[in-house]
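**Q** mind folding the following:
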Amino acid sequence: EDSYAEIQKMLKIMQMEQQVGVYKGAEAALPDEVTALPSQGSELIIREAMKDDPAPLFVIFLGPLTDMASAYLQEPQIAGRLTAVWIGGGVYPEGSDEFNLGNDIAAANVVFRSPIPLWQVPKNVYSMIRVSLAELAVKVMPHGELGAYLFQQLVEFNMKWGDKPSWPKGEIWMLGDSPAVSLLLDDHAFEYDLREAPYILPNMRYEFGHSGRDIRVYRYVDARFTLEDLYAKLELFHRYNKLNA
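**A** Take a look at the predicted model:
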């Protein structure tokens with residue numbers, strides 16, 4: 001619900017409410033590895049995957065894989081009609097605690113054991129997208145209402161939780177969801193390994209020898225490329241709005 005509200009707020013700031021569809025995902029984690037939780041999100045994935053369209057379909061996940069797993073359990077035929085890109089999972093080869101994975105381990109196992117092409121960006125790789133608040137003040141904040149909002153909400157969060165040394169670490173942020181977008185711009189063709197898809201245990205450790213299929217696991221994402229693309233698009237968006245004000 002918080003994510004849904006935030007997306008709507010961002011679109012309002014950008015005056016794009018009528019141009020972008022927003023759909024609600026599942027309200028909870030899957031109860032097990034065979035039961036779908038149908039939602040607007042899973043239905044959207046199915047509709048897009050089953051369209052008669054020669055263009056490739058990429059579905060990116062900046063949180064748990066619940067809607068991807070539900071869509072597959074609802075309609076297994078979608079497996080060969082899309083590629084899933086997931087920000088989540090612990091460090092290979094052992095695995096480790098990780099926020100997105102911890103929200104729905106069952107869903108991750110459904111997707112990992114399915115034939116869906118999967119690009120995984122694990123915790124140690126998405127953590128490479130480090131940025132200081134000073135850099136964001138220079139390269140994000142000046143770009144209109146949108147830039148000011150994006151910067152200010154991070155500052156307010158850091159001030160609220162500034163007494164916690166583990167996160168958000170004072171003057172920096174890790175914009176770890178961003179590779180889900182930058183890998184669609186350039187898939188970093190030499191920066192991943194094909195690994196056997198593991199089975200994920202309740203403690204979020206990886207166990208191998210179950211899936212019989214490989215997935216793409218990234219070992220590096222270019223932080224400069226990712227962040228500079230973001231900064232450039234914010235500036236271009238701001239210029240466009242000024243010209244059309």
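**Q** ramachandran angles for the closest residue to Arg130 other than its chain neighbours?
**A** Of all residues not flanking Arg130 in the chain, Met174 sits nearest, at 5.5 Å (C-beta to C-beta, 6 or more residues apart in numbering). No exception for glycine: its C-beta is placed from N, CA and C like everyone else's. Here is the backbone geometry of Met174 (degrees, to the nearest 10): phi -110, psi 110.
**Q** quick check: Trp173 is in a strand.
**A** Yes - secondary structure of Trp173 (DSSP: H, G, I helix; E, B strand; the rest coil): part of a strand.
**Q** so it sits right up against Ala134, yeah?
**A** No - the pair Trp173 / Ala134 is not scored as a contact, 11.3 Å apart, by C-beta atoms under 8 Å.
**Q** higher neighbour count, those two?
**A** Legend: neighbour count by other C-beta atoms under 10 Å for Trp173 and Ala134, higher for Trp173 (18 against 10).
**Q** so for that one, what's the pLDDT?
**A** Per-residue confidence at Trp173 stands at 90 (pLDDT).
**Q** kindly report the same for the one 10 residues further on.
**A** Leu183 is assigned a pLDDT of 98 by the prediction.
**Q** with Asn244 instead?
**A** pLDDT at Asn244 comes out at 83.
**Q** what of Asn241?
**A** The model reports Asn241 with a pLDDT of 87.
**Q** sec struct for it, please.
**A** helix.
**Q** okay, now the sheet partners of the helix or strand bottoming out on mean pLDDT in the chain, with direction.
**A** Ranked by mean pLDDT, DSSP states H and E, the helix or strand of the chain with the weakest confidence is strand 172-174, at a mean of 90. The pairing partners recorded for strand 172-174 under DSSP bridges are strand 130-132 (antiparallel).
**Q** touching the strand it pairs with from outside, list them.
**A** 171-175, 223, 227 (C-beta atoms under 8 Å, 6 or more residues apart in numbering).
**Q** buried sites along stretch 227-236?
**A** 227, 229-231, 234-235 (16 or more other C-beta atoms under 10 Å).
**Q** just the mean pLDDT for that stretch, thanks.
**A** 96.
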